[in-house]
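Q: Pasted the sequence and its predicted model underneath.
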Amino acid sequence: MKSDEHRTDNVIDQTAAHVDASRVQSSADDPQQRIDLLEDMLREAAKESQSAAALNNRILRLEVEMAAMRASLSWRITVPLRAISRVIVAVRLAIDIVSRQAQVRNGFAGAIRYYASTLRREGFHGIVRLLGRLSEGVGVADRPPQDEIYHEWVRRYDTIELAQRQTINEEITRLTRRPVISVIVPTFNSDERLLREMINSVCEQIYPDWELCIADDASTEPKIRRLLLEAAANDKRIKIVFRETNGHISEASNSALTLATGEYVALLDHDDILPPHALYMVARYINLHPTGRMFYSDEDKITIDGKRNTPYFKSDWNPQMFLARNMFSHLGVFERSLVSEVGGFRKGYEGSQDYDLALRCVERAGHGAVIHIPHVLYHWRIVPGSTAGSGNAKPYAFIAAIRAVEDHLRRGRISATVEQSFDGRDILRVRYALPQRRPMVTIIIPTRDSLHLTRKCIDSVLKKTLYRDFEIIIVDNGSVNPETLSYFTEMSMHENVRVLRDDTPFNFSALNNRAARESNGEYLCLLNNDIEVISPDWLDEMVGLASQPGTGAVGACLWYPNDTLQHGGILIGLGGVAGHMHSMMRRGNFGYFGRAVVTQNLSAVTAACLVVKRSVYEEVSGLNEELSVAFNDVDFCLRLVKAGYRNIWTPYAELYHHESASRGSDLSPSRYQHFVGEVRWMEERWRDWFERDPAYNPNLSLSSGVSPFSLATPPRIGQLE
């Protein structure tokens, strides 16, 4: 979130909760005894029935106490003795990890061969990285989990056994609504085996109220006709239409739609697979969300030989991210009347016909009618030439996607351009036009001394920013350095720079609120004094987004000077109260399914660089002055969401954040106690958000001990919830 020489920052990215620190402080002076006591308390905390976020908070508090003790003289003196025990623990951990590998690699010989190949390929550091990932039990934020780890997760949390089938059958009898779901499949000269597996996956659905509508697009292989006729003869719920001429996927899909009589339609490709509980979960969520008209699920990929991999656990409905790539389609379910209202599939959008359909349906139904089902209900087949294996396998499909989004923006009378963000990646960028009359932006920079940072910040804004309709308000919170005061006098001579002197005790929220009241801008930009501009169009990008209807706060992409990511958006509950998404990721990586490089809606963004319309800022009464140091930006953003606005993070406004240079010790007693108080404040107000940030997924971990976007073990949502 934010940083200043007055403020804690690294700890802000963590979380905390209730712990009786006095038990530790009143214990024996022997540091080892205190550590033992803390570890006992950790075990006690793990036994308690509490949310994952609250447990993370408690662990963090204990870790802070441990760090303080480790800085003591007595602890440093006993380092050699503890080193021996650490070696023993490390050996035990390595043995445990190798044993786990042996279970999935045909015994210890297979595990040894695996590590030998890793050593040859990646060297000793590759082994270290591998052991680190396996000790976490999951993956890392910029790539999916290893197959064997995902397979174990599937076995434990995503496999429907006989008992679950019985439970589902009982639940089906209690559903208030049992809509017929029409599964729409276009096919043309399909692989016979894969087509049969697709049909079988529908026939094996536990939910019985379905129909399978297949349109054969004039296949030239006689065996396809025989297979389809045989399937229809075996199950009266299977309907077939044989087209006389080949019209490609859009026309074939429309032909399949003519067979549909169900209240909802689900889209399925001819070689993909539905798990047996897929349509039950759809029906269940239709009952849970009676106003929903569009439903989509999580997905993974499946090889020719049936091995699942690459799970994609999606956020809840995310309009901005949807414009960057099609997050809807697998498994995508539409109210059939809605599909009819928008005219079905459009010819000329082949390869992205489902994306185009979803865009038009969202326009008609509204964002509130789109419901996310956080379960893997679709297995996308990886075959040569498929976009499941490579996002750019079908360039014509990507061109159609650009056209579909352009059409969507044009219909909404939104002035913007659409372009490919990265060569070879199916990621779109929507570049919003600025209002015809450029609005004034007030850039608010609170500071106290730290002249080398403040000067770099202001100089970069003045010299590198293309957007020129701005003023700067420097809020001087008690600077005493003569050079700093001289610099402020110099800067105040600029016609678009003002200096406000405020000698009150540091309160980040109050300083920004005061400057906002005295601003001339139609938009406000909250900016830390340790920020340096990278991309000259940063303010154009942020104002363009902030000017879109319904937008709350817009956050920027902040990099450390070593080109690792500091701020890629804030996730609520990550590590406890809140944490940075993709933190410390190296520049050039794309993050979890490209999320580090796409514009998206998030629950919160950092006030280290934040743009918001001033009227919106005032509507929610600005920053909360009860939160003087930490979490004021998180609280502000959540209040915007509560008021009906959508916050946005953009990767295209890039700036450096020199926070390590301006930050003091995160573990000083006074800061720690203040931080604890603000954590408790956030817990009281926003606790319901900690377990289910709509920008994240309950199948992904919130733990501070593993990377964001790692698998949650267990998920925060039950198998049949």
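A: Yes, it's here.
Q: Pull up the per-residue confidence for the residue of the chain positioned farthest from its centre.
A: Distance from the C-alpha centroid of the chain, by C-alpha atoms, centre = their mean, peaks at Pro222 (46.2 Å). Per-residue confidence at Pro222 stands at 93 (pLDDT).
Q: so the closest residue to Ser547 other than its chain neighbours is in which element?
A: Distances taken as C-beta to C-beta, 6 or more residues apart in numbering place Pro435 nearest to Ser547, at 5.5 Å, with adjacent residues excluded. In this view, the C-beta of every residue, glycine as well, is placed from N, C-alpha and C. Counting by DSSP states H and E, no helix or strand carries Pro435.
Q: try Ile414
A: Per DSSP H and E, Ile414 falls between elements, in no helix or strand.
Q: Verify the stated contact: it with Tyr432.
A: Yes. Using C-beta atoms under 8 Å, Ile414 makes contact with Tyr432 at a distance of 7.3 Å.
Q: Between those two, which is the more surrounded one?
A: The neighbour comparison of Ile414 against Tyr432 (other C-beta atoms under 10 Å) goes to Tyr432, with 21 against 14.
Q: and that one, what are its bridge partners?
A: Per DSSP bridges, the residues bridged to Tyr432 are Ala416.
Q: Buried ones in stretch 534-553, by neighbour count?
A: For stretch 534-553, burial by neighbour count (16 or more other C-beta atoms under 10 Å) applies to 534-535, 537-547, 551-553.
Q: Assumed Trp380 was part of a strand.
A: Yes. Under DSSP: H, G, I helix; E, B strand; the rest coil, Trp380 falls within a strand.
Q: Does it touch Asp300 like I think?
A: Yes. Counting by C-beta under 8 Å, Asp300 is a contact partner of Trp380 at 7.1 Å.
Q: any idea which element Leu655 lies in?
A: Here Leu655 is assigned to strand 646-657, by DSSP H and E.
Q: starting at the chain centroid, how far to that strand?
A: 14 Å (C-alpha atoms, centre = their mean, to the nearest Å).
Q: Within the sheet, what are the partner strands of that strand, with directions?
A: Strand 646-657 is paired, per DSSP bridges, with strand 531-533 (antiparallel), strand 551-559 (parallel), strand 600-602 (antiparallel).
Q: Let's have these in a markdown table, adding mean pLDDT and distance to Ser329.
A: Converted to a markdown table, the strands paired with strand 646-657 look like this (pLDDT from 0 to 100; distance: least, C-beta to C-beta, whole Å):
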| stretch | mean pLDDT | distance to Ser329 |
| --- | --- | --- |
| strand 531-533 | 96 | 38 |
| strand 551-559 | 97 | 26 |
| strand 600-602 | 98 | 17 |
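Q: what's the closest of those to Ile172?
A: Among the strands paired with strand 646-657, the nearest to Ile172 by C-beta to C-beta is strand 600-602 (34.2 Å).
Q: Would you mind pulling the contact partners of that closest one?
A: 315, 318-321, 324, 555, 569-571, 581, 637, 646-649, 695 (C-beta atoms under 8 Å, 6 or more residues apart in numbering).
Q: And Ser621, its phi and psi?
A: Here is the backbone geometry of Ser621 (degrees, to the nearest 10): phi 70, psi 30.
Q: how about it, what does it touch?
A: Applying C-beta under 8 Å, 6+ apart, no residues contact Ser621.
Q: Please apply the same query to Ala404.
A: 349, 352, 355-356, 359.
Q: mind redoing it with 10 Å?
A: Applying C-beta atoms under 10 Å, 6 or more residues apart in numbering, one finds that Ala404 lies in contact with 326, 346, 348-349, 352-360, 418, 428.
Q: tell me which residues of stretch 695-712 are tucked away?
A: 695-704, 706-712.
Q: what does stretch 194-202 give?
A: 194-195, 197-199, 201-202.
Q: before we move on, the earlier item: out of the buried residues of stretch 534-553, the closest to Arg586 would be?
A: Ile534 (15.5 Å).
Q: how many neighbours does the closest residue to the closest one other than its chain neighbours have?
A: Using C-beta to C-beta, 6+ apart and skipping the chain neighbours, the partner closest in space to Ile534 is Glu654 (4.3 Å). Using other C-beta under 10 Å, Glu654 has 19 other residues around it.
Q: and what of Lys307?
A: 12.
Q: these two touch, right, it and Arg381?
A: No. With contacts counted by C-beta atoms under 10 Å, Lys307 stays clear of Arg381, the gap being 11.3 Å.
Q: Which members of the contacts of strand 600-602 are classed as buried?
A: Looking at the contacts of strand 600-602 with 16+ other C-beta under 10 Å, the buried ones turn out to be 315, 318, 320-321, 324, 555, 569-571, 581, 637, 646-649, 695.
Q: mind listing the helices for the stretch 451-600 of the chain?
A: 451-464, 482-491, 508-517, 538-546 (DSSP state H, counting those that start in this stretch).
Q: Show me the one of those helices that comes nearest Ala365.
A: Using C-beta to C-beta, those put helix 538-546 closest to Ala365, at 23.5 Å.
Q: The closest one packs against which elements?
A: Other elements packing on helix 538-546 under the criterion 3 or more C-beta pairs under 10 Å, 6 or more residues apart in numbering; DSSP states H and E are strand 428-432, strand 441-447, helix 451-464, strand 523-527, strand 551-559, strand 609-613, strand 646-657.
Q: among the ones you listed, which is nearest Asp216?
A: With C-beta to C-beta as the yardstick, what comes closest out of the helices and strands packed on helix 538-546 is strand 428-432 (32.5 Å).
Q: Thought Gly568 was touching His580, still the case?
A: Yes. Proximity of His580 to Gly568 meets the contact threshold set by C-beta under 10 Å, at 6.4 Å.
Q: Tell me which of the two has more neighbours.
A: Gly568 (28 against 22).
Q: The more buried one - nearest residue in space that isn't next to it in sequence?
A: Here the nearest residue to Gly568 in space, its sequence neighbours aside, is His582; by C-beta to C-beta, 6+ apart that works out to 4.1 Å.
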